[in-house]
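Asker: Need coordinates for the below:
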Amino acid sequence: MLNKENVTEVLKDVIYFPKGDNIIALNMVENLMVNENGIRFDLIVEKADDPKNEILTNAAKRTLTGVFGDVEVDIKVKEETTALSKVKHIIAVASGKGGVGKSTVAANLAVALARANQRVGLIDADIYGPSVPMMFGAEDERPACFEKDGKTVMVPVEKYGIKMLSIGFFVDTDRPLIWRGPMATSALNQLMNDTLWGELDWMVVDMPPGTGDIQLTLAQQYNVTGAVIVTTPQKVAFADVLRAAMMFKEEALQIPIYGLVENMAYFTPSDMPEKKYYIFGKETGKQFADQLNVPLLGQIPIVEKIAESGDNGTPLALDADSPVTKAFDQIANSILSSDF
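Answerer: Numbering: from 1, shown residues only. Presented below is the predicted three-dimensional model:
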């Protein structure tokens, strides 16, 4: 029977392969109309001039006529307008395990990009362990909200020239978040989509550790430009990092990897900045990067102030004289000069 419900079910067989799901699940079908004269709907795409659009519309028409016979199918391709429409690049900062300094890297990378005169946003997607508010000294901040088209829209907190949002701005930091996966992914989608981000050159996303729902949601539903993988020199850390990197290389995701960042690569005393003590081993970061077949973007030293600066809400990359700043400037410049 030709009706809206049946047409919707049939369209679930039309797969948009770049995102590894069907066009109904990806919310690519809008204004669906079904009557005796045929089927009409809008196909929402990221770029109106993408050659893949014609392939997708033809696949939808074949699928519908294959089930409903000689029915007229009218599909209009429309470019999506979302909160992220004016965001040029999305970077996922990821690791396979906790404790490698992923959030520190994400926060200081955002600062380094801003120091390079880029317009930068930062999303704390580590839903269960948000740390961005503390790292930027913004625990007491609350994003402004207003109503637009019947929906609540958030205004990100801005500090050091960076627009940022975190679930930590909305929950009691003394209580754990006991959420199932769908609740966490819903929270991520709200941070991404229900926010007035405006024009940004870079959106840095601090991912939770592992390869779970949040990672898959970000990779499948958003146009991620590339990923930065964070590790420490120990082989036990890299074993988990390897799994995280392989996730981005899966055929269904195929997200490019900018490279590897080796955190805690060596110790540099504040009174002898030219000295490097390789506490956990030397050249392991380069070996890890070679195993992944990606560039080694940079090595972040252990300095006495790095933990203190994060706890005090002043990312160390703000200090122009710090060796940490020089390392993050190098990482930012590598990303800015990449071909992604």
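
Asker: where does the chain have low pLDDT?
Answerer: 81, 149, 172-181, 251-252, 306-308, 310-311 (pLDDT under 70).

Asker: Touching whichever helix in it runs longest from outside, list them.
Answerer: Using DSSP state H to define each element, the chain has its longest helix at helix 52-68. Contact partners of helix 52-68, identified using Cβ atoms under 8 Å, 6 or more residues apart in numbering, comprise 2, 7, 10-11, 13-16, 18, 23, 39, 43, 45, 47, 71, 73, 75, 77. (Glycine included, C-beta is placed from N, CA and C.)

Asker: In helices only, show me the residues you listed.
Answerer: Within these, residues falling in helices by DSSP H are 7, 10, 11.

Asker: Without its sequence neighbours, what residue ends up closest to the last one?
Answerer: The one in question is residue 11. residue 24 (5.3 Å; Cβ to Cβ, 6 or more residues apart in numbering).

Asker: surely the one you found meets residue 7?
Answerer: No: at 10.0 Å, residue 24 and residue 7 do not qualify as touching, with contact defined as Cβ atoms under 8 Å.

Asker: the more surrounded of the two?
Answerer: residue 7 (22 against 17; other Cβ atoms under 10 Å).

Asker: what pairs with the nearest residue in space to that one that is not next to it in sequence across the strands?
Answerer: Sequence neighbours aside, residue 34 is the residue nearest to residue 7 in space, at 5.2 Å (criterion: Cβ to Cβ, 6+ apart). Legend: beta-bridge partners of residue 34 under DSSP bridges are residue 39.

Asker: so who does residue 33 touch?
Answerer: 4, 39, 40, 41.

Asker: any idea how far stretch 64-79 is from the chain center?
Answerer: 34 Å (Cα atoms, centre = their mean, to the nearest Å).

Asker: Equivalent analysis for stretch 62-76, please.
Answerer: That offset, for stretch 62-76, works out to 36 Å (Cα atoms, centre = their mean).

Asker: For it, buried residues please.
Answerer: Residues 63, 64, 68, 71, 73, 75 are the ones in stretch 62-76 that count as buried (16 or more other Cβ atoms under 10 Å).
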